[in-house]
Every structure is written in structure tokens, then in C-alpha cells.
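S.K.: Please work out how this folds:
(one chain, ligands or ions: 2)
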Amino acid sequence: MQNFNYMTPTRLIFGKGVVEKLPGTMARFGKKILLTYGGGSIKKIGLYDRVMELLKDFEIHELPGIQPNPKYDPSVLDGVRICKEQQIDVILAVGGGSVLDCSKAIAAGACYDGDPWDLITYKVKAKAALPIVDIITLAATGSEYDAGGVISRTETNDKIGYIDPLLYPAVSFLDPTYTFTVNKKHTAAGIADAMNHTMEQYFAEDTTLLNDGFCESMLRSLMVNGRKCLENPEDYTARAEMMLSCTYGCNGILSLGNSPSGWPCHAIEHALSAYYDITHGEGLAIITPRWMRHILSDRTIDRFVKYGINVFGIDASLPKQEIAEKAIDATYRFFESINIPMHLREVGIDESRIDEMAHHIAVNEGLENAYVPLTEQDIKNILLESL
Ligand code: NZQ
Ligand code: ZN
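M.R.: Ligands and ions are numbered 1, 2, ... in the order given. Below you'll find the predicted structure:
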């Protein structure tokens with residue numbers, strides 16, 4: 001078991017109607033709020049109106065229009081400008097992971113005199129960040145409980161994961177009823193994203209029985225409840241358990257004491273969505289089974305056997321190779337069964353930029369240190385297999 005040093009300072013306030021506690025929470029941080037949100041879903045579900053009503057005694061400035069795969073320019077830059085001009089006390093992010101990730105970059109940029117890109121690229125270490133409160137409306141990324149944000153810069157095809165303990169939300173409100181309106185595409189992408197977060201921690205050299213059990217249980221829960229959410233979008237119990245599973249996915253709690261894995265599927269997917277602006281969870285679902293097949297070897301087979309038996313209930317008396325292959329097939333078939341497009345061509349990606357993307361990933365993502373090290377050629381092969 002590896003050493004670790006761990007803290008999650010975020011308060012989670014979970015359940016039906018918890019947003020009513022918003023005024024008391026916001027008052028702890030000040031009067032001037034930057035309210036950030038996306039393309040309008042929060043208005044359609046009535047959440048925007050409720051938030052404005054609850055916060056009628058505060059001074060609210062707004063940054064709307066944050067896109068999926070949130071963009072540095074204009075969203076981060078506009079948010080930082082508003083925070084500085086208006087001397088904002090606290091950011092309230094209302095929406096999916098993209099809104100929250102963008103708000104995290106704004107929170108750090110608002111307390112820095114230079115170009116916020118310096119912080120996102122770790123050229124400069126942030127010394128402070130504005131506090132962040134969020135109301136998460138889509139179960140997927142776990143951004144509501146982690147210190148990371150992923151920011152895209154279109155002109156350079158960069159999509160960078162920016163992690164700093166200063167970026168943990170101070171408070172996250174999680175009301176599963178707000179996820180009832182998430183459409184099937186994004187519900188399925190959320191399931192795939194959270195499943196992959198779990199797998200990125202499960203497929204590692206050193207793991208513990210404890211962590212393996214957490215991860216296996218997460219994966220089973222996400223498949224069972226995810227399917228129920230797709231069948232009946234207003235199934236509160238299923239939406240609630242899916243929401244909590246997603247929240248656990250990314251903050252490291254599933255892999256305390258494990259050796260690092262390098263999160264290879266995320267490293268590869270971030271390039272896909274940087275170059276083609278695809279939906280993150282769909283990209284992951286496409287890459288994951290191809291990556292699994294690529295790394296299956298005498299060294300890794302026992303992990304796949306355990307995964308196959310404990311997650312998919314594959315017959316433990318079968319030969320190891322057969323269990324491992326069935327486990328990879330079952331992974332593929334699950335994603336396919338929730339209607340995720342399982343080929344890159346189906347999400348608009350052809351072979352034309354595969355060399356360029358493989359090079360970009362190999363140079364920028366450090367996958368030579370992954371659980372199974374990946375060279376540029378390995379990455380290219382995984383992408384070609386995914387076409
Ligand atoms: O923009 P609006 O109108 O709000 O619509 C959004 C968006 O179109 C919609 N939506 C959100 N809540 C809804 C809703 N529609 C109806 N009802 C609701 N209640 O869903 C669409 C997708 O939203 P987005 O925020 O982009 O999805 P998600 O939460 O999956 O976030 C994806 C982003 O997070 C990054 C991804 O790379 C991607 O950029 N990630 C962040 C991580 C983190 N911070 O830890 C980890 C992840 O691995 C991931 O990389
Ligand atoms: Zn992810």
C-alpha cells in the first residue's frame with residue numbers, strides 16, 4: 001500500500017429540496033456573487049428562477065453560455081474579467097461539469113494578475129482562489145467533489161486538466177430531481193464517464209481489497225441505476241444513487257493507497273474532445289474497450305479476471321484468458337446497450353488527424369508512466385482500433 005496525504009474539504013448537501021439552504025450558505029462568503037451557467041437548461045427546469053428568488057438580497061452578476069468542453073476564450077476570460085471588475089466574493093456555478101470546471105478556472109484566475117492560462121498550464125502556481133459553491137445538475141464528472149477542472153483552448157487543440165487543492169468547491173448542492181431532465185445521450189455519457197473514472201483507478205499495479213471492492217460496487221451500481229435512469233428518467237432512487245456514485249468518482253477516495261495509473265483513457269479522450277469537441281463520456285466509452293484489449297497481457301490478466309468475475313459475474317471456473325476476453329466484451333456491450341455510439345466515425349472522427357492526435361497525446365500526457373506504459377505507436381493503434 002502506497003503512502004498518501006488526503007483531504008476533501010467540500011461540504012456535500014444532498015437530497016430533494018436542499019437548494020432552499022442556498023441563502024444561508026452564500027451569506028458565509030459575501031454579498032457579491034458571480035452566477036455561472038450554460039446554454040439555458042437551468043432556465044428550462046426552473047432552477048434559474050428559484051436561485052434568483054432565493055438570492056434576491058444578494059448582488060448577482062451573471063456569466064451565461066458556458067459550453068460543454070468549456071472554452072478558455074471567451075468563458076474563462078470573461079468570468080475573470082467580471083470577477084475583477086465587480087470585486088466578486090464568491091462564484092455560484094449552476095449546471096453540469098462544464099459550468100463547474102470553467103468556474104474553477106475563473107476562481108483561480110480572479111486572484112491572479114497575469115494571464116490565467118499560466119495557472120491552467122502550471123507555469124505559475126495559484127496562491128489563492130475565490131470560493132466556489134455549486135448546484136450540480138448532471139451526474140457524471142464528479143467535479144462537485146474534486147479539485148480539478150478541464151479547460152479547452154480551441155486554437156491550439158488543447159484540453160487541459162487543471163488540478164489544485166484551491167479549486168475544491170466549498171459547498172456542493174446535489175438535488176437528484178434536477179437531473180430528471182438530462183436527456184438520454186448525456187445520461188448515458190455520464191454513466192460511461194463515471195464508470196471510466198472508476199476503471200482508471202481499478203486498473204493499477206498496486207491496489208487493495210478495500211479499494212477493489214469499492215470500485216466493483218461502484219461499477220455495478222452505475223450499470224444498474226444508470227439503466228433505470230434511462231428507462232425512467234424520473235426514478236428518484238436511481239437518479240440519487242447514480243448522482244452519488246458519480247460524485248465519488250473523481251476525488252481519489254476510490255484509490256487511496258493504490259499506485260497511480262496515469263488515467264490513460266482520459267488522456268486519450270481529452271485529445272479527441274479537444275480536436276473534435278465530442279461528448280467526453282462517449283469518447284471514453286469508445287476508447288475504453290479498445291484500450292483494455294491493447295493492454296491485456298500475462299502481466300495484466302489477473303486484473304481483468306477479477307473485474308470480469310466481480311463486476312459482470314463471469315463464471316470463475318473458465319480459463320483466465322476467456323474470462324478476460326468476456327469481461328472486455330461485456331464492457332463494450334454494456335456501453336452499446338445504453339446506445340452510446342461505439343465507433344469514432346459515428347461521432348465524426350476519421351483517420352485524417354489520428355497521427356497528429358497520437359503525437360499530441362504522447363508529448364503532453366505522460367503515458368510512458370501509465371499502469372501499462374503507452375508509446376505514441378500504442379496510442380495510434382488504440383485510436384485506429386476505435387475507428
Ligand atoms: O449548457 P446547458 O444548457 O446547461 O446544457 C447542458 C449541456 O448541453 C446539459 N445539461 C446539464 N444539466 C442538465 C442539462 N440538460 C437538461 N437538464 C439538466 N439538468 O447537458 C449538456 C452537457 O453538459 P456538460 O456540463 O458539458 O456535461 P458534463 O457534466 O458531462 O461535463 C463534461 C465536461 O467535464 C469534463 C469533461 O472533459 C467535459 O469538458 N470533466 C471534468 C472532470 C472533473 N472536473 O473532475 C472529470 C471528467 O473526467 C471530465 O474530464
Ligand atoms: Zn471523465
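
S.K.: drop to CA atoms for contacts and neighbour counts, all remaining ones
M.R.: Will do.

S.K.: Do I have it right that Phe173 meets Thr137?
M.R.: No. The pair Phe173 / Thr137 is not scored as a contact, 9.2 Å apart, by Cα atoms under 8 Å.

S.K.: These two - which one has more neighbours?
M.R.: More crowded of Phe173 and Thr137, by other Cα atoms under 10 Å: Thr137, with 26 against 23.

S.K.: Can you get me a residue count around the closest residue in space to Asn258 that isn't next to it in sequence?
M.R.: Closest residue to Asn258 apart from its sequence neighbours, by Cα to Cα, 6 or more residues apart in numbering: Thr207 at 4.6 Å. By the criterion of other Cα under 10 Å, Thr207 has 20 neighbours.

S.K.: Distance-wise, check Thr207 relative to ligand 1.
M.R.: 21 Å (Cα to the nearest ligand atom, to the nearest Å).

S.K.: contacting residues for that residue?
M.R.: 1, 255, 257-259 (Cα atoms under 8 Å, 6 or more residues apart in numbering).

S.K.: Paired strands for the lowest-mean-pLDDT helix or strand in the chain, with orientation please.
M.R.: For the chain, counting by mean pLDDT, DSSP states H and E, strand 158-163 ranks last in confidence among helices and strands (a mean of 93). For strand 158-163, the paired strands and their directions (DSSP bridges) read strand 148-153 (antiparallel).

S.K.: wait, does the partner strand contact ligand 1?
M.R.: Yes. Against ligand 1, strand 148-153 shows contacts by Cα under 6 Å from any ligand atom at 148-150.

S.K.: What count of nearby residues applies to whichever residue of the stretch 201-350 of the chain sits closest to ligand 1?
M.R.: Residue nearest to ligand 1 within the stretch 201-350 of the chain: His280 (5.2 Å; Cα to the nearest ligand atom). By other Cα under 10 Å, the residues close to His280 number 23.

S.K.: what's the spacing between it and Arg227?
M.R.: 19 Å (Cα to Cα, to the nearest Å).

S.K.: returning to that earlier point: turn the residues of strand 148-153 next to ligand 1 into CSV, including pLDDT and neighbour count.
M.R.: What follows is the residues of strand 148-153 next to ligand 1, written out as CSV (pLDDT from 0 to 100; neighbours: other Cα atoms under 10 Å):
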residue, pLDDT, neighbour count
Gly148, 95, 25
Gly149, 96, 25
Val150, 96, 24
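
S.K.: nearest to Asp49, of the contacts of Thr207?
M.R.: Using Cα to Cα, Ser255 comes nearest to Asp49 of the contacts of Thr207, at 39.2 Å.

S.K.: All the helices of the stretch 51-200 of the chain, residue numbers only.
M.R.: Assignment of helices within the stretch 51-200 of the chain using DSSP state H, counting those that start in this stretch yields the ranges 77-86, 97-109, 117-120, 184-202.

S.K.: tell me what the last one is packed against?
M.R.: This points to helix 184-202. Secondary-structure packing of helix 184-202 (3 or more Cα pairs under 8 Å, 6 or more residues apart in numbering; DSSP states H and E): helix 209-231, helix 236-248, helix 264-276, helix 280-295.

S.K.: Contact residues of this protein facing ligand 1?
M.R.: Neighbours of ligand 1 within the chain, by Cα under 6 Å from any ligand atom: 38-42, 67-70, 95-99, 101, 137-138, 140-143, 146, 148-150, 178-179, 181-182, 186, 190, 250, 280.

S.K.: Which residue ranges make up each domain of this protein?
M.R.: 11-179, 184-386 (automatic domain parsing).

S.K.: hang on, the earlier thing: now do the least confident helix or strand of the chain: distance to the chain's middle.
M.R.: Centroid separation for strand 158-163 versus its chain: 12 Å, with Cα atoms, centre = their mean, to the nearest Å.

S.K.: Name the residues of whichever strand or helix holds Arg333 that are buried.
M.R.: Assigned by DSSP states H and E, Arg333 belongs to helix 320-337. The neighbour-count check on helix 320-337 (16 or more other Cα atoms under 10 Å) flags 320-321, 323-328, 330-332, 334-335 as buried.
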